[in-house]
Each structure stands twice: as structure tokens, then as C-alpha cells.
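Q: I'd like to go over a predicted model; first the sequence, then the structure.
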Amino acid sequence: MASGFDSAPIFGDDTSSSSFRNFKSLRNPPIVVAHTGFRTAAILSYVFANLFFDSFIVQFLVILFLLSADFWFVKNVTGRLLVGLRWWNFVDGEGRNHWKFECSKEPERYDATERRIFWFALILGPALWFMLVVIAFLTFKWEWMVVAFLGFAMNGLNLYGYLRCKWNSTEELTNYLSRLAFVSMLTRSTNQPPPPHRPTEVA
């Protein structure tokens, strides 16, 4: 980890209520609105583009602007202010690409509700764009599939960056996701009702 942020953050506070508090009680309401607003606007512009613009070029530019604004704001502002995470990459003088991932050493400074909103929007965005990619592919709308894939890639890159802020390596992330999938499957199998009892037949 680089300096400035040196311990793993938490997604939420287990001791706090699971229900979302009033919007006015949030510490950073404008930041929360921007975090969810840009990506929501991009998805809605994609879905309802034909209602507002006739030209595909104009539609593409509007969606690209919203995606770019969302990518930049989430990467540079909301992650740092809402959850204490920060990532970036740079190319050194020898042309090698370097990734840097940082996390705050004081996670208690950040509001639990804002953390939930941050991660919920961060995960939901790529999932929705992936669905739009599949829909465009199945309906043979290749140009819209490219736009949807662009949204998926930009949202997914932010998600990857912030997940790496929590785990030091892709191996740790893979192990965590594997354990999570195993626990989920185990929970579902445990909660399944037993098969109905059949009375034995008397000869």
C-alpha cells in the first residue's frame, strides 16, 4: 500500500441499523447524489436515448460524457470522501504501467450508510451494463452493444480498482470470492426444506 491510506476499509458497520437513514442525516449528501446520479443518468440516457435525440452520434456523445463524468468523479472524489479509498495508475519512464491502491487507516471516520450506498452503486452499475450488453447482442443491435460494453468497461474498471484497494492482490480477491460463493451455496443447501415424508405402504 502507498502512504496516506494503509489499512483495509470495511463495507458497513455490523452494529448499525440495516435500514437507510434520512437523506439529510448523511455527512456528504451532494457527494452521494453525484456518486449515484451520473451512472443513473448514463443508464437512463442509454435506455431512453431515442426519446430525446434522433442522431446516434449525439446519443453516443451524451452517454460517453455521462460515463466519463461518472468514471472521473467516482475514481477521484467519491471513493476518497465516502469510503476512504483511492486508486490510480501511471506509466514510468521505461513505459511500464503501475497501479497504486490505497485505503484509509481510520475507517470509523466514514459513515456506514454512505459506505453501503457507495458499494451498492459501484456493484450495481457494471451488472446493469452487462445486462444491456447481452440484450443488445441478442437483439442484433451491434452499435448499441459497443456503447453498453463501453459502460460496462468503465464501471467495471472502477469496481476492480476499489476491490483491489481492499485486497492486496488479485489472488486474495479470488480467494475471497471463492469463499463467498461456497458459503452462499452452503447456505442455500442448508435452507432447502426437506423432502416430503411418504407414508410406508402396508402390504
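A: The structure has been received and is ready for your questions.

Q: in a helix, Trp87, correct?
A: No: per DSSP: H, G, I helix; E, B strand; the rest coil, Trp87 lies outside any helix segment and is strand.

Q: surely it meets Gly161?
A: Yes: judged on Cβ atoms under 8 Å, Trp87 makes contact with Gly161 at a distance of 3.8 Å. No exception for glycine: its C-beta is placed from N, CA and C like everyone else's.

Q: give me the common contacts of those two.
A: Taking Cβ atoms under 8 Å, 6 or more residues apart in numbering as the contact rule, the neighbours common to Trp87 and Gly161 are 75, 99, 101.

Q: I'd like the distance between Trp129 and Asp70.
A: Distance, Trp129 to Asp70, using Cβ to Cβ, to the nearest Å: 11 Å.

Q: swap that for Asn97, sorry
A: 23 Å.

Q: those two - which one has more neighbours?
A: Of the pair Asn97 and Asp70, Asp70 is the one with more neighbours under other Cβ atoms under 10 Å, namely 27 against 8.

Q: which residue packs closest to the more buried one, ignoring adjacent ones?
A: Phe38 (3.5 Å; Cβ to Cβ, 6 or more residues apart in numbering).

Q: SS state for the one you found?
A: Assignment for Phe38 (three-state DSSP): helix.

Q: and it, how many residues sit next to it?
A: Quick note: Phe38 (other Cβ under 10 Å) scores 23 neighbours.

Q: wait, a helix at Phe140?
A: No: counting by three-state DSSP, Phe140 falls outside a helix, being coil.

Q: work out for me the element His35 sits within.
A: Using DSSP states H and E, His35 sits within helix 29-47.

Q: and the gap between Lys100 and His35?
A: Lys100 sits at a distance of 21 Å from His35 (criterion: Cβ to Cβ).

Q: higher neighbour count, the two?
A: Between Lys100 and His35, counted using other Cβ under 10 Å, His35 has the larger neighbour count: 24 against 14.
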